[in-house]
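K.L.:
My questions are about this predicted structure, shown below with the sequence.
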Amino acid sequence: MNLREKYGEWGVILGATEGVGKAFCEKIAEGGMSVVMVGRREEKLHELAKEIEATYGVQTKVVRADFSQPDAAETVFAATEGLDMGFMSYVACLHSFGKIQDTPWEKHEAMINVNVATFLKCFHHYMQIFAAQDRGAVINVSSMTGISSSPWNGQYGAGKAFILKMTEAVACECEKTGVDVEVITLGTTLTPSLLRNLPGGPQGEAVMKIALTPEECVDEAFEKLGKELSVIAGERNKKSVHDWKTNHTEDEYIRYMGSFYADKD
């Protein structure tokens, strides 16, 4: 698909530095779109920008923004003003292990900004642009924890649930327009963050066997774009969610998810 012809000249990836965000940058560049790459690690983003320009022959723009800060979205909007915007993906996330009462309020506030407030500001802003021109696409990224909840990591699951349900609703609202909106829900994914925290031995090997690559997730997202509103990445994850909803109570899979983190208490 020539994404540039269908949606517009530029796409913005919010949380572009590595993993799934990097894969989104490469995917839209492959489709002919120039890329605005947003994240905190400016040097790493510039390295990625050079790679993308050399490989795909598109333009890039690097924007340093910390999504936990209240003015992060405005920094992004200023950087994309005047560009022919046609695509947005919100990949950024922030989490912290621990019970609600044991987590400092400042950390809660930072997570709210990243997972809810900055997300919604960006979604709102670019949807206004896309709706006005009746052209554009959004793929936002959620997590299986947004379906199950995430005890001892509660804000993360709650934030991903917000992204999931908000994007599903907007996707439905856009069905009869020229704007395609989708949310993709990821399970275990081979990101640099996962690899840094991967346990050793058989447990780590088991994770590696079931994990999808960022590229697999992004490819599926684009395959379903304009066809499905809400996508669960990978057949194993689809089967897991079906099993949860068919054969188990809410309490059972909330406790199941909590079992992964209880030892951090």
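P.N.:
Looks like it arrived, so ask away.
K.L.:
going forward, measure contacts between C-alpha atoms and count neighbours the same way
P.N.:
Noted.
K.L.:
Give me the spatial nearest neighbour of Thr80, chain neighbours excluded.
P.N.:
Val36 (7.7 Å; CA to CA, 6 or more residues apart in numbering).
K.L.:
ok, that neighbour touching Gly15?
P.N.:
No - counting by CA atoms under 8 Å, Val36 does not reach Gly15; the two are 10.5 Å apart.
K.L.:
returning to what we had before: so for the residue nearest to Thr80, what's the pLDDT?
P.N.:
pLDDT for Val36: 98.
K.L.:
Could you measure from it over to Val76?
P.N.:
The spacing between Val36 and Val76, counted by CA to CA, to the nearest Å, is 9 Å.
K.L.:
where do the contact lists of these two overlap?
P.N.:
The contact sets of Val36 and Val76 overlap at Val63 (CA atoms under 8 Å, 6 or more residues apart in numbering).
K.L.:
any chance you could map the strands in this protein?
P.N.:
Assigned by DSSP state E, the strands in the chain fall at 10-14, 34-39, 60-64, 85-90, 136-143, 179-186, 230-232.
K.L.:
Now tabulate these in CSV and tack on distance to Trp105 and mean neighbour count.
P.N.:
Shown next, in CSV, are these (distance: least, CA to CA, whole Å; neighbours: other CA atoms under 10 Å):
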stretch, distance to Trp105, mean neighbour count
strand 10-14, 25, 28
strand 34-39, 23, 26
strand 60-64, 25, 20
strand 85-90, 24, 26
strand 136-143, 23, 26
strand 179-186, 28, 27
strand 230-232, 32, 22
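K.L.:
Looking at those strands, spot the one closest to Val241.
P.N.:
strand 230-232 (8.6 Å; CA to CA).
K.L.:
Pairing partners for the closest one, with directions?
P.N.:
The pairing partners recorded for strand 230-232 under DSSP bridges are strand 179-186 (parallel).
K.L.:
tilt between the partner strand and strand 136-143?
P.N.:
Put simply, strand 179-186 runs at 20 degrees to strand 136-143, going by axes from the mean of the first three to the mean of the last three CA atoms, to 10 degrees.
K.L.:
Strand 179-186 versus strand 85-90: what angle between them?
P.N.:
20 degrees.
K.L.:
can you pull the pLDDT of Gly204?
P.N.:
Predicted confidence (pLDDT) for Gly204: 46.
K.L.:
Distance of Met41 relative to Asn237?
P.N.:
Careful, residue 41 is Arg; it's not Met. 31 Å.
K.L.:
cool, Ala49 as well?
P.N.:
For Ala49, the distance to Asn237 equals 32 Å [CA to CA].
K.L.:
okay, these two: which has more neighbours?
P.N.:
A count of neighbours by other CA atoms under 10 Å puts Ala49 above the other of Ala49 and Asn237, at 23 against 19.
K.L.:
Would you mind measuring from that one to Lys22?
P.N.:
Applying CA to CA to Ala49 and Lys22 gives a distance of 10 Å.
K.L.:
cool, and Thr118?
P.N.:
Plainly put, Thr118 is 19 Å away from Lys22 if you go by CA to CA.
K.L.:
Between those two, which is the more surrounded one?
P.N.:
Legend: neighbour count by other CA under 10 Å for Thr118 and Lys22, higher for Thr118 (25 against 21).
K.L.:
for the more buried one, what are its contacts?
P.N.:
For Thr118, the contact set (CA under 8 Å, 6+ apart) comprises Phe67, Ser68, Pro70, Ala72, Ala73.
K.L.:
Any of those residues buried? List them.
P.N.:
Neighbour-count burial (16 or more other CA atoms under 10 Å) applied to the contacts of Thr118 gives Phe67, Ser68, Ala72, Ala73.
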